[in-house]
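> need coordinates for the below:
(chains A and B)
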Amino acid sequence: MEIRNILTILFISAGFLCFAASTIGVFRMKDFYCRSHAAGICGSAGLIFSGLGLFIYEGVNITGIKILLVMLAVCLSSPIGTHIICKVAYKQALAAEAECACNRVEKKEEN
Amino acid sequence: MMETFFLCIMIGIIALTFLMLIFLFKGNSVYDKLIGILVMSTKVILILILIGFVDGRRDMYVDIAISYGILGFLSSVILAKFLGQRGGRKHGN
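Sure, this is the predicted structure:
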C-alpha cells in the first residue's frame, strides 16, 4: 500500500462524502435557496476532492493535467449555473420566499 | 485493489444520481428541476472519469468528461435563459 494509494483513497472518499452530503441536502432542505446552496456544494467541493485524488493516482502526465482541467472547468461553471438559476427564480416567482434584507425590511413595515 | 475501490465509488455515485432523478420527478417547481439537472451533470462527469479508471483507457474518458462538462453547463445556462424570458411564470407549475 504505497502512500499514493492511501492518499487517493482518502481524497476520493472525501469527494464521495461531499456528493452524498449535497444529494441529501437537496432532498432535505425546505427552502429553494437552501436547496440550491446544497447543489452548489456538489459542483465545487465534491469535484475538487475527487479530482485531486484522481490526479494523485494518475501522476503528473497529460491525463493528470486533463483531470485538473476538468476539475477547474466545472468548479468555475457550476457556481455560475447555480447563480443564474437562482437569479431567474428570484426575479420571476420566488422573490417573496427569500429571507434577504430587502424582504425583511418589507415584513417589518407590515406588522 | 484500486480498481475495485474505483468501482465501488462509481456504483455509489450512480446510486446518488438515481436519487437525484427521483428528486427531479418529485413534482416540485421548475427551478428545482433545473438545479437537479445541474447536479446530475456534475455527477455524470465524475462517473465518466471513474469508468476510464476502471477499465484502463483513461485519456479517452477524460476527454469525454471535458466535453460533457462544458456541454452540461451550457445546457443548464441556456435552459435558465429560456425560463427567464418565457415560460415558468408561476411558481410550482
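> tell me the first helix or strand C-terminal of the helix or strand hosting A:Phe55.
Assessed by DSSP states H and E, A:Phe55 sits inside helix A:47-58. Next helix or strand after helix A:47-58 toward the C-terminus (DSSP H and E): helix A:62-92.
> check contacts around the residue sitting nearest the centre point of chain A.
Closest residue to the average C-alpha location of chain A: A:Ile41 at 2.3 Å, with CA atoms, centre = their mean. The contact partners of A:Ile41, by CB atoms under 8 Å, 6 or more residues apart in numbering or on different chains, come to A:18, A:21-22, A:25. From N, CA and C alone the C-beta is placed, and that goes for glycine too.
> swap the cut-off to 10 Å and go again
By CB atoms under 10 Å, 6 or more residues apart in numbering or on different chains, the contact list for A:Ile41 reads A:18-19, A:21-23, A:25-26, A:78, A:82, B:39.
> again, but for B:Ile49
A:47, A:50-51, A:54, A:58, A:63, A:66-67, A:70-71, B:6, B:10, B:58, B:61-62, B:64-66, B:69.
> related to what we said a few turns ago, highest neighbour count among the contacts of A:Ile41?
Among these, B:Val39 has the most neighbours (other CB atoms under 10 Å in any protein chain shown), with 33 neighbours.
> identify each buried residue in the host helix or strand of that residue, please.
Using DSSP H and E, B:Val39 maps to helix B:30-54. Neighbour-count burial for helix B:30-54, with 16 or more other CB atoms under 10 Å in any protein chain shown as criterion, is recorded at B:30-54.
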